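Trainee: Could you work out the structure for the sequence below:
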Amino acid sequence: MHVGLLIYGSLTTVSGGFIYDRNLVRYLREAGDRVDVISLPWRHYGLSLLDNLNAGLRRRLTQAAFDVLLEDELVHPSCFWLNQRLRPRLSYPVVAIVHHLRCRERHPALMRRLYRGVEKRYLASVDGCICVSRTTAKDVEDVVGRAPPLVVAPPGRDGLPGAVSREAIMARATAPGPFNLIFVGNLIPRKELHTLLAALASLPQDDWRLAVAGSLNMDAAYVAAIRGQIKDAGLAPRVTLLGALPARELAARCAASHLLTVPSSYEGFGIVYLEGMQFGLPAIAGTAGAAQEIITHGDNGFLVPPGNPEALAHHIELLIRDREVLLKMSLAAHGAAAVHPTWNDSAAGARAFLQNFLR
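Mentor: Below you'll find the predicted structure:
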């Protein structure tokens, strides 16, 4: 099978969506498929709309000998009209990899209407969708107004190297010392690190430490605001901004932590929650999006409304004060991760879905 993959930027970009794309490409290539990556430049949303008029891109797509073209749904502004124009001239189907819809994020009402309109037209222009969660699949059906051909292929549980035993989880939960939290995510407003810092500022600082693992280069203004918030709240001795970490170092950080806290305003799946659970970390996430597909509130983590530092602080303080509850939730998180599909399991389902278009 000859597969094209249309993305923005580089496949090596550090984010959940690109982790998904990389694992799918790896699996396809290991299965003997040829995968050619077509990269479009990262640009402002409005400028990306102009790609629909890009003659070079149009020629490349019409002349390609793909069996199927995958498009990361992130490129929807570049293809929402182009796909429809090219449909009569393409010899292959077009399938979108949908992580989450931009129109489901928190934006001003006018912008959300714009994004919804563009995404609706884009999703109507493809032949099928690979969705990373049931929530995303429902969002696609809602925006399109019908149920397009799709498959739900969630991220795998085996994203980070290494493992942790139940005995190690028990020892970690009951050992004396400060409570170690970890936040994993690129520093952008949607991940709501600012809400986590506001919550921690209300707790006694001797009780906890926070490690922040994620790129500091995605949004310079937001990173500057975070640094200012840390300084103004006097949190500098307790908060460490680590930047993006290699997989083995991130795994080691997770293994040494007690709680993963990423209270995003929206997640199409939330690979990071699953990765943390692999190391027995209960997770605190936002209620919006697909985190509820991974986290059972009060069992292996907590779900909090976006932008609610009071609720966040309440749950963190509970686990700091009651290590027995922490232990119970840590073991539940570890058990939940163990029964989740692997990357190869999910990629096999996605590949089978693509092969259906070739028959």
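Trainee: My reading is that Leu210 is in a strand; is that accurate?
Mentor: Yes: counting by DSSP: H, G, I helix; E, B strand; the rest coil, Leu210 is part of a strand.
Trainee: Renumber starting at 285 from here on
Mentor: Noted, 285 is the first residue going forward, which turns the last one into Leu494.
Trainee: Tell me the bridge partners for it.
Mentor: Per DSSP bridges, the residues bridged to Leu494 are Leu465, Val523.
Trainee: How many residues are close by it?
Mentor: 23 (other C-beta atoms under 10 Å). In short, each C-beta sits where N, CA and C put it, glycine included.
Trainee: gap between it and Ala634?
Mentor: Leu494 is 36 Å from Ala634, where distance means C-beta to C-beta, to the nearest Å.
Trainee: Quick check: closest non-adjacent residue to Lys475.
Mentor: Spatial nearest neighbour of Lys475, chain neighbours left out: Gly469 (4.1 Å); criterion: C-beta to C-beta, 6 or more residues apart in numbering.
Trainee: what about the strands in the stretch 335-484 of the chain?
Mentor: With DSSP state E, counting those that start in this stretch as the criterion, the stretch 335-484 of the chain has strands at 352-356, 378-382, 412-415, 434-436, 463-468.
Trainee: Among these, which comes closest to Gly591?
Mentor: Counting by C-beta to C-beta, Gly591 lies closest to strand 463-468 out of these; the figure is 15.8 Å.
Trainee: pLDDT on that closest one, on average?
Mentor: Averaging pLDDT along strand 463-468 gives 97.
Trainee: now swap in stretch 304-317 and tell me
Mentor: 96.
Trainee: any residues touching it, and which ones?
Mentor: Contact with stretch 304-317 is made by 285-287, 289, 291, 295-296, 319, 321, 354, 356, 381, 383, 414, 416, 439-440, 443, 555, 627-628, 631-632, 634-635, as judged by C-beta atoms under 8 Å, 6 or more residues apart in numbering.
Trainee: in it, what's buried?
Mentor: Tyr304, Asp305, Asn307, Leu308, Val309, Tyr311, Leu312, Asp317 (16 or more other C-beta atoms under 10 Å).
Trainee: Could you check how far the fifth one is from Asp320?
Mentor: When C-beta to C-beta is the yardstick, Val309 and Asp320 sit 10 Å from each other.
Trainee: Overlap of the contact sets of those two?
Mentor: Overlap of the contact sets of Val309 and Asp320 (by C-beta under 8 Å, 6+ apart) consists of Leu289.
Trainee: list the contacts for the residue nearest to Lys475?
Mentor: Shown in contact with Gly469 (C-beta under 8 Å, 6+ apart): Lys475, Leu477, Ala497, Gly498, Val546, Ser548, Val556.
Trainee: mind listing which of the residues you listed are in helices?
Mentor: Of those, the ones assigned to helices by DSSP state H are Leu477, Val556.
Trainee: By neighbour count, which of the contacts of Gly469 wins?
Mentor: Val556 (31 neighbours).
Trainee: how close does that residue sit to Ala536?
Mentor: Distance of Val556 to Ala536, given as C-beta to C-beta: 16 Å.
Trainee: next one: Ile514
Mentor: Computed as C-beta to C-beta, the Ile514 to Ala536 distance reads 23 Å.
Trainee: ok so, going back, quick check: of the buried residues of stretch 304-317, which lies closest to Ser375?
Mentor: Lowest distance from Ser375 to the buried residues of stretch 304-317 (C-beta to C-beta) belongs to Asp317, with 17.4 Å.
Trainee: follow-up on the earlier one: Ile514 and Ala536: who's more crowded?
Mentor: Ile514 (23 against 16).
Trainee: in what helix or strand does that one lie?
Mentor: Here Ile514 sits within helix 504-516, counting by DSSP states H and E.
Trainee: gap between that helix and the chain center?
Mentor: 23 Å (C-alpha atoms, centre = their mean, to the nearest Å).
Trainee: which residues touch that helix?
Mentor: Contacts of helix 504-516 (C-beta under 8 Å, 6+ apart): Leu471, Ile472, Pro473, Leu477, His478, Leu481, Ala482, Leu500, Leu519, Ala520, Val523, Leu525.
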